[in-house]
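In: Fold the following for me, if possible:
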Amino acid sequence: MQALQGVDGRLEWGDSPQPACDVGQVRIRVAAAGLNRADLLQIAGQYAPPPGSSPVLGLECSGVISEVGAGSSWRVGERVCALLAGGGMAEEVVVDARHVLPVPEGISLLEAAALPEVYATAWLNLFQLARLAPGEKVLLHAGASGVGSAAIQLCKAFGNPCWVSVGSAERLAYCVELGAQGGVLRGEDLQGLSDFAPFDVILDPVGGDYAALNLQLLGLDGRWVNIGLMGGRQAQLDFALLLLKRVQLTGSTLRNRDELFKAELLADLVRQVWPLFAEGRLKPQLQQSFASSQAEAAYATLASNSVNGKLVLRLDESLG
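Out: Below is the predicted model of the structure:
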C-alpha cells in the first residue's frame, strides 16, 4: 500500500507493508488524516515513533472499517476516526479497536480526521491531569492551534472561562469567536496576561520561554501542564514561588502512552465529549484540506504557525 514517511528531512510516498488485522484490531480504509506538529518533528528526525509503532506519518485518521479482528464489536462499513501512534497517512491502517471512535452525527469524514488527537489531548491534560473544575480559570498558550481550538470549546462547554496567547490579532479574534474571554499577542504584550491572572490551570505547548511567566500567572494550588517545547527545553524557575503557591507542574505526552491508557481515555471522551458534537456545542475546526499530492504544501502551511485549527490530508476522496 502507498504511505507517507519522513526520510532525511523529506516527505516520500512509497510502498509500505500491509499490516495484518489481529485479535482486538480493526482495519480502516483511510479517507483523511490530520496533520500535527509531532509529524514535523518526526520528519526532521527529532521524534521517533514509539517502539513497535508504524514509521508512517499520521497520528489520527478517519475512514471506513474494512476488516474486523476477533473480539471487536465494530462492524465492516462503519464510519470512524482513530487515534494512532503512527500510520494514518496511508491507504489503510490497522489499529487497536479500543482506539477507534464513531464519527459524530452530522460530521463529515474530512472533518472527523481533525478530531481524535486534539480532543484527546485537550481532555486528557485539562480535565484528567489538571482536574479542571467548573468555574476555574484557564490560560491556553497557542490558543488558535488545533489543541487550543479544541480546548477553548471544551472550556466553554464545561463552564471554564479561558484566555489565550496567540500570534496575531486575527488569531485572537478567532479564539474569542470560539469562546475565549480574551488574550494577548505573544510578540507584543505577553506580560499583559497579568491583567487576567491568577489562573487555576495553564496548558502550555511552548515550554522554556514561557516557564517563568507561567509561574507568575498561576494562583494558589495552580496546575501547569506542559505539552510541548516550541519555546525551548531550558528554563530558570523561582522554586520558592513554586512552593509558596503549591503549584503542580506536569509534563505530559500522549503518543507514547500504553494501549490501555489510551483506550480508557477515548472511552471517557466518547462518554463525556462526543455527545456535545451532536448538540452543536463542539465543532471541528478544519481550516483547510489538501490532496495527497499536496503533502509538502500541507506541512509547509503547518510549519508557518499561521493555522487556525486543523489541517487535513485527503487520502481517498471516493469515501466522501
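In: what kind of secondary structure is Ser318 in?
Out: The assignment at Ser318 comes out as helix when based on DSSP: H, G, I helix; E, B strand; the rest coil.
In: Mind telling me which residue is nearest the centre of the chain?
Out: Val118 (2.4 Å; C-alpha atoms, centre = their mean).
In: Please, which helix or strand holds that one?
Out: Using DSSP states H and E, Val118 maps to helix 116-122.
In: that older thread, I'd like to know how far the residue nearest to the centre of the chain sits from Met89.
Out: 17 Å (C-beta to C-beta, to the nearest Å). Backbone N, C-alpha and C define where each C-beta goes, glycine included.
In: returning to that earlier point: show residues contacting the helix holding Val118.
Out: 34, 36, 59-60, 81-84, 101, 146-147, 149-151, 154, 203, 227, 254, 262, 265-266, 269, 273, 282, 310 (C-beta atoms under 8 Å, 6 or more residues apart in numbering).
In: most residues in a single helix of this protein, which one?
Out: helix 259-272 (DSSP state H).
In: Can you list the buried residues in that one?
Out: 262-263, 265-266, 269 (16 or more other C-beta atoms under 10 Å).
In: could I get those residues as CSV with pLDDT and distance to Arg186?
Out: Converted to CSV, the buried residues of helix 259-272 look like this (pLDDT from 0 to 100; distance: C-beta to C-beta, whole Å):
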residue, pLDDT, distance to Arg186
Lys262, 98, 31
Ala263, 98, 36
Leu265, 98, 30
Leu266, 98, 32
Leu269, 98, 29
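In: Which single one of those residues is nearest to Leu241?
Out: For the buried residues of helix 259-272, the minimum distance to Leu241 (C-beta to C-beta) is 31.9 Å, reached by Leu265.
In: Contact partners for the closest one?
Out: 120, 123-124, 128, 257.
In: One more: Ala133?
Out: Asp200.
In: Report the secondary structure element holding it.
Out: Applying DSSP H and E, one finds Ala133 in no helix or strand.
In: ok so, going back, state the pLDDT value of the residue nearest to the centre of the chain.
Out: pLDDT recorded at Val118 is 98.
In: do the same with the one 3 residues further on
Out: Among the per-residue scores, Thr121 shows a pLDDT of 98.
In: Also Ala300?
Out: Ala300 is given a pLDDT of 97.
In: gap between the nearest residue to Pro104 once chain neighbours are set aside and Gly148?
Out: Nearest residue to Pro104, sequence neighbours excluded (C-beta to C-beta, 6 or more residues apart in numbering): Phe277, at 3.6 Å. Going from Phe277 to Gly148 by C-beta to C-beta gives 18 Å.
In: Comparing these two, which shows the higher neighbour count?
Out: Gly148 (29 against 21; other C-beta atoms under 10 Å).
In: What lies in contact with the helix or strand that contains that one?
Out: Element membership of Gly148, judged by DSSP H and E, is helix 146-157. Here helix 146-157 makes contact (C-beta under 8 Å, 6+ apart) with 34, 36, 114, 117-119, 121-123, 126-127, 132, 138, 140-143, 161-162, 164, 175, 178-180, 203, 205, 227, 273, 276, 281-283, 285, 307-310.
In: elements contacting the helix or strand just after it?
Out: With elements assigned by DSSP H and E, the helix or strand that comes after helix 146-157 is strand 162-166. Counting contacts by 3 or more C-beta pairs under 8 Å, 6 or more residues apart in numbering; DSSP states H and E, strand 162-166 packs against strand 138-141, helix 146-157, helix 169-178, strand 182-185.
In: quick one, helices of the chain?
Out: 37-43, 109-112, 116-122, 146-157, 169-178, 211-217, 239-245, 259-272, 275-278, 295-303.
In: Can I get those helices in CSV including distance to Arg10?
Out: Listed next are the helices of the chain as CSV, based on distance: least, C-beta to C-beta, whole Å:
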stretch, distance to Arg10
helix 37-43, 8
helix 109-112, 26
helix 116-122, 23
helix 146-157, 24
helix 169-178, 30
helix 211-217, 33
helix 239-245, 43
helix 259-272, 30
helix 275-278, 36
helix 295-303, 9
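In: Mind listing what's buried along stretch 309-320?
Out: 309-316, 319.
In: Please narrow those to those residing in strands.
Out: 310-314 (DSSP state E).
In: Same list, those, but as JSON lines with pLDDT and distance to Leu302 please.
Out: Compiled in JSON lines, those are given as follows (pLDDT from 0 to 100; distance: C-beta to C-beta, whole Å):
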{"residue": "Lys310", "pLDDT": "98", "distance to Leu302": "9"}
{"residue": "Leu311", "pLDDT": "98", "distance to Leu302": "6"}
{"residue": "Val312", "pLDDT": "98", "distance to Leu302": "11"}
{"residue": "Leu313", "pLDDT": "98", "distance to Leu302": "10"}
{"residue": "Arg314", "pLDDT": "98", "distance to Leu302": "15"}
